[in-house]
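Peer 1: Sequence and computational prediction follow.
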Amino acid sequence: MKRNVVVAITGASGAPYAIRLLEALLASGTDVHLTISGAAQNVLKQELDLAVDLDYFHEAQLMLDTGSILKDGKLQKLRSVSGISSESSNVLAVPSGKPGVLAYHHYRDSTAAIASGSFLTDGMIICPCSGGTLSAIVNGTSANLIHRAAEVHLKERRTLILVPRETPLSITQLENMKRAVQAGAVLLPAMPGFYHGVKSIRDLVDFIVARILDQLQIPNHLIERWGA
């Protein structure tokens with residue numbers, strides 16, 4: 001059965017995590033509803049030199065192309081585990097023959113489907129999750145589509161994964177994280193492990209992305225698992 005998830009990118013450092021997460025989700029045949037904050041637009045440019053136009057968005061602006069997926073052995077294995085034929089000319093094709101879809105929603109669009117609890121999803125990931133976004137979610141001070149979609153996932157008791165990437169942490173941030181967990185969210189800080197044969201920065205990024213996919217119950221081999 002096709003998975004349907006929401007991915008939000010906010011203004012914390014950690015853009016490589018977000019892009020790799022999108023690559024992995026799409027490679028697994030998962031439909032993604034993407035929204036990007038104004039601050040995240042700046043971070044994507046600063047950290048990855050990606051010029052993203054929030055008003056006239058196209059997935060090519062995030063370098064999500066067929067070639068990169070075909071050349072990546074880990075993504076190829078992810079496709080195989082997900083039942084996607086390696087011979088398929090459509091990299092995002094799923095066993096049903098229907099392509100995985102990346103749907104974009106402007107973060108100011110309060111009428112987007114993901115703002116409603118009646119729009120069914122299999123979960124939401126905010127990666128990276130800024131301190132301001134975390135605060136807005138736990139305090140109910142929704143000011144944009146990202147905040148609203150997160151509130152929807154909490155009230156509907158769906159998986160909400162928050163990926164903060166900041167250090168050190170203030171007592172306010174720690175309290176907000178505690179409140180988020182109490183409300184039902186999964187706190188998954190971008191704190192990669194080093195026990196899985198790390199040879200590159202990509203391996204560290206994949207550690208976090210693999211743990212996110214685990215929370216969504218998406219089989220993957222992005223990392224060497226302990227005891228495997």
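Peer 2: Ah, there it is. Numbers count the residues shown, from 1 in each chain.
Peer 1: When you work out contacts or count neighbours from here on, use the C-alpha atoms and nothing else.
Peer 2: OK.
Peer 1: where do the strands sit along this protein?
Peer 2: 4-9, 31-36, 102-104, 124-129, 160-164, 186-187 (DSSP state E).
Peer 1: Could you pull up the residues touching Arg225?
Peer 2: His196 (Cα atoms under 8 Å, 6 or more residues apart in numbering).
Peer 1: Show me where the chain has its helices.
Peer 2: 15-27, 38-48, 66-71, 73-81, 131-139, 145-155, 171-183, 201-215 (DSSP state H).
Peer 1: need the strands of the chain in JSON lines with mean pLDDT and mean neighbour count, can you?
Peer 2: Listed next are the strands of the chain as JSON lines, based on pLDDT from 0 to 100; neighbours: other Cα atoms under 10 Å:
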{"stretch": "strand 4-9", "mean pLDDT": "98", "mean neighbour count": "24"}
{"stretch": "strand 31-36", "mean pLDDT": "97", "mean neighbour count": "23"}
{"stretch": "strand 102-104", "mean pLDDT": "96", "mean neighbour count": "17"}
{"stretch": "strand 124-129", "mean pLDDT": "98", "mean neighbour count": "28"}
{"stretch": "strand 160-164", "mean pLDDT": "98", "mean neighbour count": "26"}
{"stretch": "strand 186-187", "mean pLDDT": "98", "mean neighbour count": "17"}
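Peer 1: Any chance of TSV for these, columns distance to Ala113?
Peer 2: Below are the strands of the chain laid out as TSV (distance: least, Cα to Cα, whole Å):
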stretch	distance to Ala113
strand 4-9	11
strand 31-36	9
strand 102-104	11
strand 124-129	13
strand 160-164	17
strand 186-187	23
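Peer 1: looking at those, which is closest to Ile208?
Peer 2: Nearest to Ile208, of all the strands of the chain, is strand 160-164, at 8.9 Å by Cα to Cα.
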